[in-house]
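1. based on what follows, work out the 3D shape:
(one chain, ligands or ions: 3)
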Amino acid sequence: MTPARRGLPYGVFSRPGEPRRVGVRVGDQVLDLAAALGDEVFAAPVLNPFMALGRVAWREARERAAEAARTGDHLLPLDAVTLHLPIEVADYVDFYASLEHATNLGRILRPGEEPLKPNWRHLPVGYHGRSGTVVVSGTPIRRPCGQRPPSTPGGRPSFGPSLRLDLEAEVGFVVGTPTRLGERAGAFEDHVFGVTLVNDWSARDIQAWEYVPLGPFLGKSFATSVSPWITPLDALEGARVEGPPQEPEPPAYLRRAAPWGLDLALRVQINGETVAEPPYRDMYWTPDQMLAHLTVNGASVRTGDLFASGTVSGPRDPGSLVELTRNGAEPFKLADGAARTFLEDGDTVTLTATTRDGICLGEVSGTVVPAT
Ligand SMILES: O=C(O)/C=C/C(=O)CC(=O)CC(=O)O
Ligand SMILES: [Ca+2]
Ligand SMILES: [Mg+2]
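-> Ligands and ions are numbered 1, 2, ... in the order given. Down below sits the predicted model:
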């Protein structure tokens with residue numbers, strides 16, 4: 001049994017000249033679910049109608065898909081189909097859940113200040129992103145233009161292509177069952193359908209100039225890439241871990257009712273070469289806490305909402321180049337001898353993740369194309 005077979009992640013595919021429909025990945029094949037299960041909900045061009053059905057339907061479909069995969073009918077080779085953005089992204093939120101990443105970025109962006117702000121250990125800090133620019137793996141990423149910081153204090157910003165284009169390796173969570181306005185989310189597993197991989201492309205020069213005091217904006221909104229596969233929570237039972245101890249203890253609404261940390265090994269590759277292997281399991285804030293925080297004020301979440309963990313950085317393996325190169329001060333070399341600080345036009349960034357028991361979460365890849 002191949003790793004991908006056990007994960008049975010969901011995606012959306014099409015064959016030439018045919019409409020998009022829902023499939024399940026089975027190794028290097030995709031199971032045509034509408035054909036295999038005869039269910040209209042899988043003839044939709046996105047996963048949203050299926051995700052809205054809720055956990056009982058998700059479980060039943062997963063069992064039926066596993067059974068159908070065994071019979072071997074309605075399986076198409078992956079290289080004969082096109083994969084699409086699997087969900088219609090409703091709202092997109094990005095958190096900042098790694099203690100290492102938050103500390104590193106604090107040092108880099110705010111030298112001389114305390115790197116971790118006083119709120120950081122009390123709530124999962126996050127910001128709202130641009131859901132309309134979430135793109136599927138393989139979509140070319142155009143280098144953004146924007147205002148870059150003045151080169152001297154008090155000077156004027158310059159305008160042009162970002163000179164500090166970066167990647168951020170993240171894990172994303174997709175909401176299936178919505179909450180009602182004015183009410184808090186219930187159990188994590190009742191709302192969250194599954195897990196994907198996210199690259200939150202970041203233009204560090206644009207970001208550094210614009211973010212004061214309201215936070216990330218155009219430096220991150222030009223594109224966010226996701227894997228074509230959403231791995232259902234049920235496939236990740238064996239990867240669940242407690243999450244690190246938290247000091248001080250967070251307020252009651254953020255206390256962990258069940259272990260929703262995930263033992264995922266991420267890999268960041270540039271042009272096929274591994275540059276970091278950040279561990280997700282040690283992320284300070286776990287995704288159940290993020291969902292609780294998202295709705296504690298009565299704000300609702302909708303089917304198709306995507307919330308990302310924030311950059312996954314470990315003590316030795318940062319999930320971004322701004323950390324890896326200390327803001328460009330320490331270039332690294334790729335095997336072809338080329339020195340890198342930030343991304344160059346033509347670079348391809350690929351993120352993958354696997355569980356300890358060999359379930360592969362797919363990959364998210366994107367190639368940088370020159371600014372216009
Ligand atoms: O510390 C900052 O001001 C900015 C941090 C980020 O750019 C990271 C962000 O997108 C959240 C994350 O990925 O952890
Ligand atoms: Ca991010
Ligand atoms: Mg982004």
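2. next one: the closest residue to residue 29 other than its chain neighbours from residue 81, what distance?
-> Leaving aside its sequence neighbours, residue 29 sits nearest to residue 75 (CB to CB, 6 or more residues apart in numbering; 4.3 Å). The C-beta positions use only the backbone N, C-alpha and C, and glycine is treated the same way. As judged by CB to CB, to the nearest Å, residue 75 and residue 81 stand 11 Å apart.
3. what do those two both touch?
-> Shared contacts of residue 75 and residue 81 (CB atoms under 8 Å, 6 or more residues apart in numbering): residue 30.
4. most proximal residue of the stretch 101-250 of the chain with respect to ligand 2?
-> Here the stretch 101-250 of the chain gets closest to ligand 2 at one residue, residue 200, 3.5 Å apart by CB to the ion.
5. okay, now that residue: neighbour count?
-> Burial of residue 200 is recorded as 26 neighbouring residues (other CB atoms under 10 Å).
6. that older thread, what's the burial count for the residue nearest to residue 29?
-> 20.
7. my read: it touches residue 27, true?
-> No. Using CB atoms under 8 Å, residue 75 is not in contact with residue 27, being 9.0 Å away.
8. quickly note the distance from whichever residue of the stretch 101-250 of the chain sits closest to ligand 1 to residue 166.
-> Going by CB to the nearest ligand atom, ligand 1 is nearest to residue 105 of the stretch 101-250 of the chain, at 3.6 Å. Shown here: residue 105 relative to residue 166, a distance of 11 Å by CB to CB.
9. with residue 222 instead?
-> 12 Å.
10. what touches both of the two?
-> 201, 203.
11. more neighbours: which of these two?
-> residue 166 (28 against 20).
12. show me what contacts the more buried one?
-> By CB under 8 Å, 6+ apart, the contact set of residue 166 is 201, 202, 203, 204, 320, 321, 322, 342, 343.
13. check contacts around the fourth one.
-> Taking CB under 8 Å, 6+ apart, we find residue 204 in contact with 162, 164, 165, 166, 219, 322, 327, 342.
14. tally of neighbours for the last one?
-> Residues within reach of residue 342, counting by other CB under 10 Å, total 23.
15. now it: closest residue in space that isn't a chain neighbour?
-> In this structure, residue 342 finds its nearest non-sequential neighbour in residue 164, 4.7 Å apart by CB to CB, 6+ apart.
16. isn't that neighbour up against residue 219?
-> No. Residue 164 is beyond contact range of residue 219, at 9.3 Å (criterion: CB under 8 Å).
17. please enumerate the shared neighbours of those two.
-> Common neighbours of residue 164 and residue 219 are listed as 203, 204, 205 (criterion: CB under 8 Å, 6+ apart).
18. the first one contacts residue 219, doesn't it?
-> Yes. Look at residue 203 against residue 219 with CB under 8 Å: they come within range, at 4.5 Å.
19. so how many other residues sit close to the residue nearest to residue 191 when sequence neighbours are not counted?
-> Leaving aside its sequence neighbours, residue 191 sits nearest to residue 177 (CB to CB, 6+ apart; 4.8 Å). When neighbours are counted by other CB under 10 Å, residue 177 registers 20.
20. returning to that earlier point: which of the contacts of residue 204 fall in strands?
-> 165, 166 (DSSP state E).
21. out of the contacts of residue 204, who's the most crowded?
-> Ranked by neighbour count (other CB under 10 Å), these have residue 166 at the top, with 28 neighbours.
22. re earlier: surely the residue of the stretch 101-250 of the chain closest to ligand 1 is within a helix?
-> Yes. Assessed by DSSP: H, G, I helix; E, B strand; the rest coil, residue 105 belongs to a helix.
23. got the confidence number for it?
-> With respect to pLDDT, residue 105 scores 95.
24. give the contact list for it.
-> 115, 322, 323.
25. what's the straight distance from one end of stretch 300-320 to the other?
-> Chord length of stretch 300-320, first to last residue, is 31 Å (CA to CA, to the nearest Å).
26. kindly report the same for stretch 142-161.
-> 10 Å.
27. how much distance is there from it to the middle of the chain?
-> Here stretch 142-161 is found 28 Å from its chain centre; the criterion is CA atoms, centre = their mean, to the nearest Å.
28. go on, stretch 20-37?
-> The chain centre lies 23 Å from the centre of stretch 20-37; the measure is CA atoms, centre = their mean.
29. buried set for that stretch?
-> Judged by neighbour count (16 or more other CB atoms under 10 Å), stretch 20-37 contains these buried residues: 20-26, 29-37.
30. farthest-apart pair in those, please.
-> Maximum pairwise distance in the buried residues of stretch 20-37, criterion CB to CB, is 18.6 Å, between 20 and 26.
31. I'd like to know how many residues surround the residue of the stretch 251-372 of the chain found nearest ligand 3.
-> Nearest residue of the stretch 251-372 of the chain to ligand 3: residue 308, at 8.4 Å (CB to the ion). Using other CB under 10 Å, residue 308 is surrounded by 29 other residues.
32. quick one: it from residue 124, how far?
-> Counting by CB to CB - residue 308 and residue 124 are separated by 11 Å.
33. before we move on, back to that, could you tell me which residues make contact with the residue nearest to residue 29?
-> Neighbouring residues of residue 75 by CB under 8 Å, 6+ apart: 26, 29, 30, 31, 32, 69.
34. could I get those as CSV with pLDDT?
-> CSV is the format used below for the contacts of residue 75 (pLDDT from 0 to 100):
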residue, pLDDT
26, 96
29, 97
30, 98
31, 98
32, 98
69, 96
